[in-house]
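Novice: Have a look at this prediction, sequence included:
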Amino acid sequence: SQNRLLIKNGKVVTEDDVFDEDVYIEDGIIKQMGRNLIIPGGTRVIDARGNYLLPGGIDPHTHFDFEFMGTRSVDDFYTGTKSAIAGGTTMIIDFVFPKEGESLLDAFYEYRRKADGKVCCDYSLHVCLPTWSAHVQRDMETLCKEHGVNSFKMFMAYDFMLDDGQLYSAFEQCQKLGAIAQVHAENGPVIAKNAERLLAQGITGPEGHELSRPEELEAEAVNRACVIAKQVDCPLYVVHVMSRSAAKKVAEARDDGGRVYGETLAAALGTYGARSEHECFRHSAGHVLSPPLRPDPATPDCLMTCLALDVLQLTGSDNCTFNKSQKELGIENFTKIPNGVNGVEDRMSVVWEKGVHAGIISPSRFVAVTSTNAAKIFNLYPKKGCIAVGSDADIVVWNGNAVRTISAQTHHQAVDFNIFEGMQCHGVPEYVIVSGRVCLEEGQLRVAEGHGHFVDTPVFAPYVYEPEKMAELKPTRNGPAVPAVEPLELEDDFRLM
Ligand code: DUC
Ligand code: ZN
Ligand code: ZN
Ligand code: ZN
């Protein structure tokens with residue numbers, strides 16, 4: 001039957017182990033694992049000899065079909081999830097963003113309508129809080145209790161940022177509900193002042209973007225968010241940690257016993273600030289996201305080392321793509337360049353290349369930071385994030401030695417640009433299995449539009465947050481596979497023990 005699949009001879013990788021076992025799948029679920037399995041005749045067999053079997057990637061941070069900065073991101077829930085699968089990611093978590101005057105609940109329903117019927121893999125939703133009110137507070141409760149939401153994102157920059165008192169209240173509500181608070185941490189008011197000053201000085205091009213948002217403004221906001229969350233004992237997830245200074249603040253908060261998790265981006269690991277290297281507007285504007293890529297070329301290795309040392313726990317993409325004509329909305333004023341880059345397709349390869357191939361993280365730590373930790377933090381584990389009997393059959397047959405060159409010419413995304421253009425990556429998916437269905441094989445992508453489902457992310461405990469439960473979730477530290485590339489330079493700053 002087409003519902004039965006046996007993957008033979010692969011090396012199964014989990015967050016803390018690598019072992020040789022065959023995996024038998026029936027109706028989208030892993031049913032047996034081991035050697036010499038007894039399985040029904042007529043089962044399709046995939047030979048994975050020489051390759052790893054990885055839990056499918058979970059991208060905890062995408063913005064598909066997102067109305068933002070006067071335009072709409074070009075990758076939608078179809079091209080976005082199709083591209084995810086092409087790169088070995090089998091689940092994404094997107095962000096519901098309520099429009100002005102729209103309730104959280106209505107926005108949530110609208111995102112379900114945009115995504116259901118289009119997604120090629122399973123997905124969940126975080127919900128953004130662009131304002132704070134009693135109505136928002138009520139909707140948060142309804143979303144947690146009735147709609148499978150357990151994470152809310154607050155902004156400390158942009159027009160729709162919350163002030164410190166509002167953050168306090170929102171964090172307090174998350175804590176009561178058993179949800180996790182996420183923050184976009186940058187000091188918005190200071191950024192606005194810097195931008196005004198730069199524009200007045202005649203700096204209007206894309207180089208003004210990073211100049212107006214230096215990394216100390218990211219670090220300051222990360223620190224402030226950690227301090228506020230601590231007051232109300234709320235677990236905190238810092239999205240897109242983009243700099244050494246910000247990572248250091250996450251490390252300090254964790255060191256002080258805070259329940260703080262840090263996510264960095266494929267973009268931050270795979271490339272760095274395009275401040276002066278890029279002569280044409282499209283190229284520089286193509287690299288504009290917030291917080292910005294940093295000009296210091298040591299940043300990517302620093303952030304990868306943070307992943308190795310468990311200072312940071314996850315990698316996302318923040319995939320939010322805009323074409324040339326859309327980026328040109330900011331041709332005369334860098335503050336009008338729609339913020340966002342690609343990454344949902346290339347994240348797995350970029351993290352493998354810069355992490356495992358570079359000798360900074362082990363294959364197990366790769367699995368933790370691309371899949372398992374996201375599943376644990378958002379309460380999807382062990383349905384997602386591992387290869388085990390009973391788990392969903394989201395599996396990637398991964399060739400760690402094959403090489404591919406990233407290019408907008410060959411990617412599956414709708415966008416006309418790729419920030420990793422020309423990058424050679426070891427680490428290529430040979431087969432991608434999504435809920436038991438073979439979607440990629442021998443270079444052929446055969447996705448099924450609308451076959452993905454919305455997956456509930458239940459709160460950890462209604463009303464009473466369970467610190468012991470969160471402690472169990474603390475991702476294990478596997479450490480570097482081999483001595484890291486000069487990790488000692490960073491160890492004094494980032495030592496956690
Ligand atoms: N940053 C981006 O670059 N794009 C989407 C939203 C965000 O915070
Ligand atoms: Zn953000
Ligand atoms: Zn160029
Ligand atoms: Zn984002």
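Specialist: Yes, it's here. Residues are numbered from 1 along each chain as shown. Ligands and ions are numbered 1, 2, ... in the order given.

Novice: Contacts only, for the closest residue to K324 other than its chain neighbours.
Specialist: Closest residue to K324 apart from its sequence neighbours, by Cβ to Cβ, 6 or more residues apart in numbering: R282 at 5.2 Å. The way it works is simple: take the backbone N, C-alpha and C, and place the C-beta from them, glycine included. For R282, the contact set (Cβ atoms under 8 Å, 6 or more residues apart in numbering) comprises 324, 327, 417.

Novice: nearest to N223, of these?
Specialist: Closest approach to N223 among those (Cβ to Cβ): K327, at 31.7 Å.

Novice: backbone phi and psi for that closest one, please?
Specialist: Per-residue torsions, K327: phi -60, psi -30 (degrees, to the nearest 10).

Novice: ok, now how distant is the residue lying closest to T43 once chain neighbours are set aside from V389?
Specialist: Of all residues beyond its chain neighbours, the one nearest T43 is R4 (4.2 Å), with distances taken as Cβ to Cβ, 6+ apart. Separation of R4 from V389 (Cβ to Cβ, to the nearest Å): 15 Å.

Novice: Look at these two and report which has more neighbours.
Specialist: Between R4 and V389, counted using other Cβ atoms under 10 Å, the more crowded position is R4 (18 against 13).

Novice: Please name the residues that touch that one.
Specialist: Applying Cβ under 8 Å, 6+ apart, we find R4 in contact with 24-26, 39-40, 42-44.

Novice: before we move on, back to that, let's see if you can find the most crowded of the contacts of R282.
Specialist: Taking other Cβ under 10 Å as the neighbour criterion, K327 ranks highest of the contacts of R282 with 26 neighbours.

Novice: How confident is the prediction for the nearest residue to it once chain neighbours are set aside, by pLDDT?
Specialist: Closest residue in space to K327, ignoring its immediate chain neighbours: A285 at 4.0 Å, by Cβ to Cβ, 6+ apart. Looking at A285, its pLDDT reads 95.

Novice: Same question for A461.
Specialist: A461 is assigned a predicted lDDT (pLDDT) of 56.

Novice: Repeat that for P475.
Specialist: With respect to pLDDT, P475 has a value of 40.

Novice: okay if I get the contacts of R4 as a markdown table plus neighbour count and pLDDT?
Specialist: Converted to a markdown table, the contacts of R4 look like this (neighbours: other Cβ atoms under 10 Å; pLDDT from 0 to 100):
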| residue | neighbour count | pLDDT |
| --- | --- | --- |
| Y24 | 23 | 98 |
| I25 | 25 | 98 |
| E26 | 18 | 97 |
| I39 | 16 | 95 |
| P40 | 10 | 95 |
| G42 | 8 | 93 |
| T43 | 16 | 97 |
| R44 | 13 | 97 |
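
Novice: Tell me which two of those sit farthest apart.
Specialist: I25 and G42 (14.0 Å).

Novice: Spell out the secondary structure type for the closest residue to ligand 3 within the chain.
Specialist: Taking Cβ to the ion, ligand 3 has its nearest neighbour within the chain at H283, 2.8 Å off. Secondary structure, DSSP: H, G, I helix; E, B strand; the rest coil: H283 is helix.

Novice: who in this protein is up against ligand 3?
Specialist: Applying Cβ under 5 Å from the ion, one finds that the chain approaches ligand 3 through 280, 283.

Novice: which sections of the chain are below the confidence cut-off?
Specialist: Flagging of the chain using pLDDT under 70 yields the residue ranges 1-2, 274-278, 461-497.

Novice: Quick check, central residue of it?
Specialist: Centroid check for the chain by Cα atoms, centre = their mean gives G316 as the closest residue, at 1.8 Å.

Novice: Number of residues surrounding the nearest residue to C386 once chain neighbours are set aside?
Specialist: Nearest non-adjacent residue to C386, counting by Cβ to Cβ, 6+ apart: P55, 5.3 Å away. P55 is flanked by 29 other residues according to other Cβ under 10 Å.

Novice: Give me every residue in this structure lying close to ligand 1.
Specialist: 63, 184, 289-290, 318, 320, 339-340 (Cβ under 6 Å from any ligand atom).

Novice: quick check, nearest of the residues you listed to V369?
Specialist: Using Cβ to Cβ, the residues of the chain next to ligand 1 come closest to V369 at D318, 15.2 Å.

Novice: So which of the residues of the chain next to ligand 1 are in helices?
Specialist: Per DSSP state H, helices hold no members of the residues of the chain next to ligand 1.

Novice: got TSV for these, with neighbour count too?
Specialist: Formatted as TSV, those follow (neighbours: other Cβ atoms under 10 Å):
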residue	neighbour count
H63	22
H184	22
L289	23
S290	21
D318	30
C320	27
N339	20
G340	26
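
Novice: Can you flag which of those residues belong to strands?
Specialist: H184 (DSSP state E).

Novice: And the residues of the chain next to ligand 1, which is closest to G10?
Specialist: Nearest member of the residues of the chain next to ligand 1 to G10, counting by Cβ to Cβ, is D318, at 30.8 Å.

Novice: Contacts only, for that closest one.
Specialist: Taking Cβ under 8 Å, 6+ apart as the contact definition, D318 lies against 61-63, 239-240, 265, 267, 289, 340-341, 343.

Novice: check contacts around the residue of the stretch 351-497 of the chain found nearest ligand 1.
Specialist: Closest approach of the stretch 351-497 of the chain to ligand 1 (Cβ to the nearest ligand atom) occurs at I419, with a separation of 11.5 Å. I419 sits next to 267, 270-271, 286-287, 341-343 when contact means Cβ under 8 Å, 6+ apart.

Novice: please redo it, this time with the cut-off set to 6 Å
Specialist: Going by Cβ atoms under 6 Å, 6 or more residues apart in numbering, I419 touches 267, 271, 287, 341.

Novice: how about TSV for the residues you listed, with secondary structure, neighbour count and distance to M33 added?
Specialist: Converted to TSV, those look like this (DSSP: H, G, I helix; E, B strand; the rest coil; neighbours: other Cβ atoms under 10 Å; distance: Cβ to Cβ, whole Å):
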residue	secondary structure	neighbour count	distance to M33
A267	helix	28	35
T271	coil	20	38
H287	coil	24	43
V341	strand	24	38
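
Novice: Nearest to ligand 1 among those residues?
Specialist: V341 (6.9 Å).

Novice: isn't the closest one right next to L289, touching?
Specialist: Yes. The criterion here is Cβ atoms under 6 Å, and V341 meets it with L289 at 4.8 Å.
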